[in-house]
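Student: any chance you can model this:
(2 chains)
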Amino acid sequence: MYQQMAKIRAFEEQVNELYKSAKMPGLAHLYSGEEAVAVGVCEALQKTDYITSTHRGHGHCLAKGASVDRMFAELLGKEAGYCKGKGGSMHIADPDSGNLGANAIVGGSAGIATGAAFSAKMRKSNQVAVCFFGEGALGQGLLYEVMNMASLWKLPVIYVCENNLYNEYTHHSETTAGELVARAQAFGIHTEIVDGQDVHGVYAATQQLVERARRGEGPAFLQCNTYRYYGHHVGDINRAYYRPKDEEEEWKAKRDPLTKLAERLIAGKLTDQKILDRIQAEVQIEIESGVAFALNAPFPDVHEVDEDVYA
Amino acid sequence: MPEREITFAEAIREALAEEMRRDSRVFIVGEDVAEAGTPFKVLSGLVEEFGKDRVIDTPISEPGFTGIGVGAAMTGVRPVVDIMFGDFLTLTMDQIVNQAAKVHYMSGGKMKVPIVFRTTLGATRRSAAQHSQSLHAWVSHVPGLKVAIPSTPYDAKGLLKTAIRDDNPVVFFEDKLSYKLKGNVPAEEYTIPFGVADIKRKGDDITLVATSSMVQVALAAAELLNGVGISAEVIDPRTTFPLDKSALIESAKKTSRAIVIDEGYERYGVTAEIASVIADGAF
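Tutor: The predicted structure is shown next:
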């Protein structure tokens, strides 16, 4: 899990560099700071289980099993990307690892995840579906419609709310009345709240919810309290007007998920700093070779632009 | 083979029943589709044959059950989503336009969304402003969607079977008044390919391109014209996407005149599109 989290962190740092050096088309929404959520949740899933992801989706994609090189290729619009470069950062999908895709409509994949759970139940496949979304998606009506049906029909879906405190550029306290989990509880959905910076806590909670879902006990809602280190997207640099700098520094200094995991592993004598350093070095090599692969990969042929509109 | 006459609604029901018998992945989901069989009674009897696991009543949540249909279609089953009135398409547009229509493209062709959205059009039941629109132009505009708009029981059955077997999202429009229209439908299996127009009446002097509910109107007009010595050809595109451009152009070339008749809003609509296709290709 440490290796996965380190990989996501390094991947996002590299994406930021690609943006700053104008090598990447468009924007990206970085997952740095939230790594323990994706990794903790996906660690509790099988490869055949489904996830749906968000505009801030690189972490989910990597944690579910995608490889760094083809992800970078997708972000750069290259033929070798997971979606032949047609998805990009906000639509990256890897159905082979169960990732049904990131979604650029906030809350837009709530239907897809619930539908995947519906299909799994209908096909008696014993798969579960995880719907990742930020607390900003709690403003979308679709989520409440599908949670209602998921509860009525006891669908094997887990709604994972990544509460990073900010709906884009607005603190969630300005947009969200009441308790977040109360919204799921209103539908009779089982809820849990965990520290999203503690990967073990996220993993343990998810594992229980996955088992519940596989037993046919229905959906769950997991609130993970976390923090987004960067702005809403890579271009959101001057953000003091909505988020104080010392708040950012405090989360990084005291609640960093990688630091917390490292401390825990070392304290429990499960590893030592040397091993962690080696993991970091290996991750860095993987990232560097992945980005080199993507930068050197060819763009799709021009005729590709009209292909894949219809199956 | 003796001819068999059934209604448009019966043709729809037969198409669904036959496809559900043929393929266990096909199911129906929507409001009041099970015991109620929809307010139009189009689906009556299906829940008795296929059970509540395959004819599924939902809450009044069009975006929600449409989205669930999309996710289900992406993961190995084949939903037929019932959107009771075409006006309610407006509630589902994110799921149809941003999700269903784009998933195949955004995934570089890896994922498919084999789903049918059945809905209605037509102003003719005096149901006022929010239950009377014909919004087929909206979805015909969107790449990734196919749009069927049958006018007869025969076309309705054959096109719906094709829609269910298609691996793309299809929006299927049924005119509310047509449900009681009777027509010949063979008892044996058939399908009708998309993108093939049908000449409903042959003629030489003028082409009347008509869709859905307007086909009967155009046929009646052709009969009147016949009385005054004008021979009108009535041609029905049957699908607005894919559109059988060559058949429309050929007919207009033959008669050298064309009128387009469609129940949707005129501006930026189906009539404008078809008129431009004919103007480009025939004149």
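Student: can you give me the strands in chain B?
Tutor: Applying DSSP state E to chain B gives strands spanning B:5-7, B:26-30, B:55-57, B:78-82, B:116-121, B:146-148, B:170-175, B:182-184, B:198-201, B:206-210, B:232-236, B:239-241, B:258-261.
Student: report all helices and strands that the third one contacts.
Tutor: Contact here means 3 or more CB pairs under 8 Å, 6 or more residues apart in numbering or on different chains; DSSP states H and E; on that basis strand B:55-57 packs against strand B:26-30. For every residue, glycine as well, the C-beta is placed using N, CA and C.
Student: who's in contact with the residue of chain B found nearest chain A?
Tutor: Closest approach between chain B and chain A, counting by CB to the nearest CB: residue B:67, at 1.6 Å. Going by CB atoms under 8 Å, 6 or more residues apart in numbering or on different chains, residue B:67 touches A:110, A:111, A:112, A:114, A:115, A:142, A:145, A:146, B:95, B:99.
Student: show me the two of the residues you listed that sit farthest apart.
Tutor: Spatial extent of those (CB to CB) is set by the pair A:145 and B:99 at 14.2 Å.
Student: of those two, which one has the most company?
Tutor: Between residue A:145 and residue B:99, residue B:99 has the larger neighbour count (other CB atoms under 10 Å in any protein chain shown), namely 27 against 24.
Student: show me the contacts for the spatially closest residue to that one that is not a sequence neighbour.
Tutor: Distance criterion CB to CB, 6 or more residues apart in numbering or on different chains; nearest residue to residue B:99, sequence neighbours excluded, is residue B:70 at 5.1 Å. By CB under 8 Å, 6+ apart, the contact set of residue B:70 is A:111, A:112, A:115, B:95, B:99, B:100, B:103, B:113, B:115, B:169.
Student: next one: residue A:222
Tutor: A:41, A:158-161, A:191-194, A:202, A:205-206, A:209.
Student: enumerate every residue touching residue B:117.
Tutor: Per CB under 8 Å, 6+ apart, neighbours of residue B:117: B:66, B:69, B:81, B:83, B:89, B:92, B:96, B:169, B:170, B:171, B:172.
Student: apply 7 Å and report the result again.
Tutor: Residue B:117 is in contact with B:81, B:83, B:96, B:171, B:172, counting by CB atoms under 7 Å, 6 or more residues apart in numbering or on different chains.
Student: distance to residue A:15 and pLDDT added to the residues you listed, as JSON lines?
Tutor: Shown next, in JSON lines, are those (distance: CB to CB, whole Å; pLDDT from 0 to 100):
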{"residue": "B:81", "distance to residue A:15": "37", "pLDDT": "98"}
{"residue": "B:83", "distance to residue A:15": "40", "pLDDT": "97"}
{"residue": "B:96", "distance to residue A:15": "31", "pLDDT": "98"}
{"residue": "B:171", "distance to residue A:15": "37", "pLDDT": "98"}
{"residue": "B:172", "distance to residue A:15": "42", "pLDDT": "98"}
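Student: show me the two of the residues you listed that sit farthest apart.
Tutor: Using CB to CB, the two most remote members of the contacts of residue B:117 are B:96 and B:172, lying 12.2 Å apart.
Student: got the contact list for residue A:196?
Tutor: For residue A:196, the contacting residues are A:34, A:36, A:37, A:162, A:202, A:224, A:225, A:226, by CB under 7 Å, 6+ apart.
Student: what backbone torsions are found at the fourth one?
Tutor: To tie it back to what came earlier, the one meant is residue A:162. phi -90, psi 100 (degrees, to the nearest 10).
Student: quick check: pLDDT value at it.
Tutor: In this prediction, residue A:162 carries a pLDDT score of 98.
Student: before we move on, back to that, closest one of the contacts of residue A:196 to chain B?
Tutor: residue A:162 (19.7 Å).
Student: how about the helices in the stretch 1-150 of chain A?
Tutor: A:2-20, A:35-43, A:58-63, A:68-75, A:110-122, A:141-152 (DSSP state H, counting those that start in this stretch).
Student: chain B: which of those helices is closest?
Tutor: Closest approach to chain B among the helices of the stretch 1-150 of chain A (CB to the nearest CB): helix A:110-122, 1.6 Å.
Student: for that closest one, packing partners?
Tutor: Helix A:110-122 sits against strand A:50-52, strand A:129-134, helix A:141-152, strand A:157-163, helix B:62-74, with contacts defined as 3 or more CB pairs under 7 Å, 6 or more residues apart in numbering or on different chains; DSSP states H and E.
Student: tell me the angle of the longest one relative to strand B:78-82?
Tutor: Going by axes from the mean of the first three to the mean of the last three CA atoms, to 10 degrees, helix B:62-74 is angled at 160 degrees with respect to strand B:78-82.
Student: from the chain's centroid, how far away is helix B:62-74?
Tutor: A distance of 19 Å separates the centroid of the chain from that of helix B:62-74, by CA atoms, centre = their mean, to the nearest Å.
Student: how about the third one?
Tutor: Here the centre of mass of C-alpha atoms in helix A:141-152, compared against the chain's by CA atoms, centre = their mean, lies 21 Å away.
Student: point out the other helices and strands that it packs with.
Tutor: Using 3+ CB pairs under 7 Å, 6+ apart, helix A:141-152 sits against helix A:110-122, helix B:62-74.
Student: rebuild the ones you listed as JSON lines, extending it with distance to residue A:29 and mean pLDDT.
Tutor: Shown next, in JSON lines, are the helices and strands packed on helix A:141-152 (distance: least, CB to CB, whole Å; pLDDT from 0 to 100):
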{"stretch": "helix A:110-122", "distance to residue A:29": "18", "mean pLDDT": "98"}
{"stretch": "helix B:62-74", "distance to residue A:29": "22", "mean pLDDT": "98"}
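Student: those helices into CSV, with extra columns for distance to residue B:242?
Tutor: Formatted as CSV, these follow (distance: least, CB to CB, whole Å):
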stretch, distance to residue B:242
helix A:110-122, 26
helix B:62-74, 20
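Student: next up, the contacts around the nearest residue to residue A:77 once chain neighbours are set aside.
Tutor: Of all residues not flanking residue A:77 in the chain, residue A:85 sits nearest, at 4.0 Å (CB to CB, 6+ apart). Contacts for residue A:85 were tallied using CB under 7 Å, 6+ apart; they are A:74, A:77, A:78, A:79, A:299, A:300.
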